[in-house]
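Asks: okay, here's the prediction I keep looking at, along with the sequence it came from:
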Amino acid sequence: MTSGRERDFLCGVGLVALVTGAWHVWVAIQQTWVIDDWVYLDRVQTRGFVEYLFQDYNGHVMPGEFLLTWVLTKLFPLSFTPVVVVVGALSVGAVVTWGMALRELFGPQLRQLLPLAVLSLTPVSLWPSAFWASAVQVLPLLLLTGLALYFATRTAGGVRGAGWRLCLTYVVALFFWQKALLMLIPVAGVLLLILGRRIWQRRTLLVSLAVVSVVYLVLYAALRADAVERQPVSWVNEPDASFPVRVLHFFDYALGVFMDLLIPALYGGPWGSIPIVNDLEHWPSAYVSRGLTVLTLALIGAALLVRRRAWIPVTMTLAYAVVAASLILFSVKYAVLGPYALYEDRYFTDLIPVALFGVSMVISPTRAEAETGAAVYRRSVPLRAQGAARLLSFAVVLAVAVSLVSSNVMQWHRIGPNPARNWVDNLRADVVSADGASVLDARPPEDVFSSAFAEQAVLSRMVAPLGARLRFNSPGRPMLLVDSRGHLVPAAVEPSMVSTAGPQPDCGYLVTGGRPVDVVMPAPLFPYEWGVQVDLFSGGGGRLDVEIDGVTQSVRIPAGLSSTQLVHQGTVTSVRVTMPGTHASACVTRVVAGRLVADGTAGPRG
């Protein structure tokens, strides 16, 4: 039968999971595909299934992440709603597994709900959980780390089969992301806290985890065989950045990141001042950073004095922090951005739960310690001070709650709704309904997909997952283009040059008998992506060949009046038209060259 404390603890975990899932869903539903997300979607179309799963992406090997992206892209092409559902499910799942780990290690201790709430609702995870390429890295890692700690606790307690479940969880986590190797640090912390020197009694488990790690590292090196080479360093005027330079940057910048990001996160912050690479102007006050750092160091010192074996959670947290930051020093990101690469909040999202798990180890005895009556604390709270201690505990809970609410609101104001969401949704709907249309293959707005991704940031690559049979940059009557709202609208040629009147009265340029006819253009146009519109009428229709500066495009023209638009890359100095066949004829009345723009008189398709 469930006890009252057990029931309260489970309700608390459920409440934290519900709030976390709802908050992350509410933020994510106002976002859309950005930067790396578009590359992921593009490679689903351009690479084979196995190649896609095991690709080396900026030094990351993440087949689990790519498998999930591949499935969502195939089942729900270009739809962000399923992504939001997955983000919500993973966010809730992460809270549940960490709640399971805390309950298994400490029993249903209500005080453990506080670190659980902070690690689940930290504002540092808000943007990483809404940015799909980051969420699909971070959230599975958090979920599986919580599950691994649960099984590690049960293994230390002698539960049969828990060790193999721990190994399986570790393998699955590595399948998602190589950073799961760091999972062994908190797992070792749990085993040491419970078993102490008796940890060597779990030799089979330790050897199994070591074998899995070695095998994985060999496979990882093989998958990165073509990528393990010196990356160009673009942020300094040097051919390379030496190991000592990188170490100096680690101490210089990483220490700042810990003070400005990690330490405030332990108290429910940072408060509107997460120093991320795209927003380095928002720095926390030096008084806040240094004050909290001094307070944290004092609390660590007190923990080491009061809590027996407090060195385990302290060492566990520091080891994880140092390794996590050091990984960045030898990454592609560092090669491109230099030490500023350390200011990516998503790279430290997994560190905060480990740090708060260390706090959990300090504030409560483990279940095993409580059952054996071991002396966990060198000093206890005197009876006369217990009332004040309870009052202090209530104040701490209230302060952390206020801190979490204010920091999340401030972080949301920094993130805000992504205006590109409506653009992408409109484009998706119009592309589905525009099957067979001729569409200008243009670049999207910068806030949708940066032109820095030159290869992928074109319309044809972006909508490829939808499988629509669009004719990009093919002649059309009229062509369609994407307007500022993401709608496909009819195009118009904004005249930069118009042909001179043809020699035939009431006809212009008579095209017949398969003979080429030169259309006189009054002035040349410089190299560019030009729109060209050919206005004509024909009695029977047929095929018209349009040659512009040596480049020929063939178009089908109907009987009667018509205006055909086409795209030409390069200069426009001469235009020659031909109708193959001895009986076909047409009158070309005008040729217009200029930029293709949205026709202001036409409404959006669909």
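Replies: Cool, got the structure. Numbers count the residues shown, from 1 in each chain.
Asks: SS state for N408?
Replies: Assigned state for N408: helix (three-state reduction, DSSP: H, G, I helix; E, B strand; the rest coil).
Asks: tell me how many other residues crowd it.
Replies: 19 (other C-beta atoms under 10 Å). Where you see a C-beta, it was placed from the backbone N, CA and C, and this is true even at glycine.
Asks: nearest residue to it other than its sequence neighbours?
Replies: Residue nearest to N408 in three dimensions, not counting chain neighbours: P123, with 5.0 Å by C-beta to C-beta, 6 or more residues apart in numbering.
Asks: tell me the pLDDT of that neighbour.
Replies: For P123, the pLDDT comes out at 91.
Asks: repeat for the one 4 residues further on
Replies: pLDDT for W127: 85.
Asks: pretty sure it sits against D345.
Replies: Yes. The pair W127 / D345 is scored as a contact, 6.5 Å apart, by C-beta atoms under 8 Å.
Asks: those two: who's more crowded?
Replies: D345 (25 against 22).
Asks: tell me which helix or strand R103 sits in.
Replies: For R103, the host element (DSSP states H and E) is helix 81-106.
Asks: can you point out the buried residues in that helix?
Replies: 83-84, 86-88, 90-106 (16 or more other C-beta atoms under 10 Å).
Asks: span of stretch 470-477 from start to end?
Replies: Distance between the two ends of stretch 470-477: 14 Å, counting by C-alpha to C-alpha, to the nearest Å.
Asks: circling back to that earlier point, next up, the contacts around the residue nearest to N408.
Replies: By C-beta atoms under 8 Å, 6 or more residues apart in numbering, the contact set of P123 is A265, G269, P270, I274, L404, S407, N408, M410, Q411.
Asks: quick one: those residues as TSV, columns for pLDDT too.
Replies: Listed next are those as TSV, based on pLDDT from 0 to 100:
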residue	pLDDT
A265	89
G269	83
P270	86
I274	68
L404	91
S407	89
N408	91
M410	87
Q411	86
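Asks: what's the closest of those to Q112?
Replies: Distance to Q112, by C-beta to C-beta, is smallest for L404 among these, at 16.0 Å.
Asks: give me the pLDDT for the closest residue to that closest one other than its chain neighbours.
Replies: Nearest non-adjacent residue to L404, counting by C-beta to C-beta, 6+ apart: G268, 4.3 Å away. Residue-level confidence at G268 comes out at 89, pLDDT.
Asks: one step back: state the distance from the residue nearest to N408 to V16.
Replies: 15 Å (C-beta to C-beta, to the nearest Å).
Asks: Y52 reaches F66, doesn't it?
Replies: Yes. Y52 is within contact range of F66, at 5.7 Å (criterion: C-beta under 8 Å).
Asks: quick revisit: what packs against the helix holding R103?
Replies: helix 4-28, helix 63-75, helix 113-121, helix 126-130, helix 132-156, helix 351-363, helix 367-372 (3 or more C-beta pairs under 8 Å, 6 or more residues apart in numbering; DSSP states H and E).
Asks: give the buried residues for the first one.
Replies: This means helix 4-28. Applying 16+ other C-beta under 10 Å to helix 4-28 flags 9, 12-13, 16-17, 19-21, 23-25, 27-28 as buried.
Asks: list the contacts of that helix.
Replies: 2, 83-85, 87-89, 91-92, 94-96, 99, 103, 108-110, 112-113, 116-117, 120-121, 126, 129-130, 135, 408, 412, 415.
Asks: report the rounded mean pLDDT for whatever helix or strand comes next after that helix.
Replies: Toward the C-terminal end, the helix or strand that comes next after helix 4-28 (DSSP H and E) is helix 36-46. Per-residue pLDDT values over helix 36-46 give a mean of 90.
Asks: which of Y52 and F66 has more neighbours?
Replies: F66 (24 against 19).
Asks: ok, how many other residues are close to the closest residue to that one other than its chain neighbours?
Replies: Using C-beta to C-beta, 6+ apart and skipping residues adjacent in sequence, the residue nearest F66 is L53, 5.0 Å away. L53 has 18 neighbours, counted by other C-beta under 10 Å.
Asks: quick check: L53 vs A221, distance?
Replies: 17 Å.
Asks: over to Q569?
Replies: 43 Å.
Asks: check G416 too.
Replies: 41 Å.
Asks: and if you look at T500?
Replies: 67 Å.
Asks: which helix or strand contains V215?
Replies: helix 203-223.
Asks: same check on A586?
Replies: Taking DSSP H and E as the criterion, A586 maps to strand 585-598.
Asks: who does that strand touch, helix- and strand-wise?
Replies: Using 3+ C-beta pairs under 8 Å, 6+ apart, the elements in contact with strand 585-598 are strand 480-482, strand 488-498, strand 509-512, strand 517-519, strand 525-538, strand 560-572.
Asks: enumerate every residue touching L119.
Replies: By C-beta under 8 Å, 6+ apart, the contact set of L119 is W98, I352, P353, L356, F357.
Asks: just G64 next, same as before
Replies: The contact partners of G64, by C-beta under 8 Å, 6+ apart, come to P140, V172, F175, F176, W177.
Asks: one more: G268?
Replies: The neighbours of G268, taking C-beta under 8 Å, 6+ apart as the test, are V118, L121, T122, A399, V400, A401, V402, S403, L404, S407.
Asks: who's in contact with the last one?
Replies: Counting by C-beta under 8 Å, 6+ apart, S407 makes contact with T122, P123, G268, G269, P270, W271, G272.
Asks: hmm, 10 Å instead?
Replies: By C-beta atoms under 10 Å, 6 or more residues apart in numbering, the residues touching S407 are 121-124, 126, 264-265, 267-274.
Asks: can you check the fourth one too?
Replies: The contact partners of A399, by C-beta under 10 Å, 6+ apart, come to Y267, G268.
Asks: ok, and for the host helix or strand of it, which residues are buried?
Replies: Secondary structure from DSSP H and E places A399 in helix 386-415. By 16+ other C-beta under 10 Å, the buried positions in helix 386-415 come out as V400, S403, L404, S407, N408, M410, Q411, W412.
Asks: three-state assignment of F175?
Replies: Relying on three-state DSSP, one would call F175 helix.
Asks: so for the residue nearest to it when sequence neighbours are not counted, what's the pLDDT?
Replies: Nearest non-adjacent residue to F175, counting by C-beta to C-beta, 6+ apart: G64, 4.4 Å away. Here, the pLDDT recorded for G64 equals 93.
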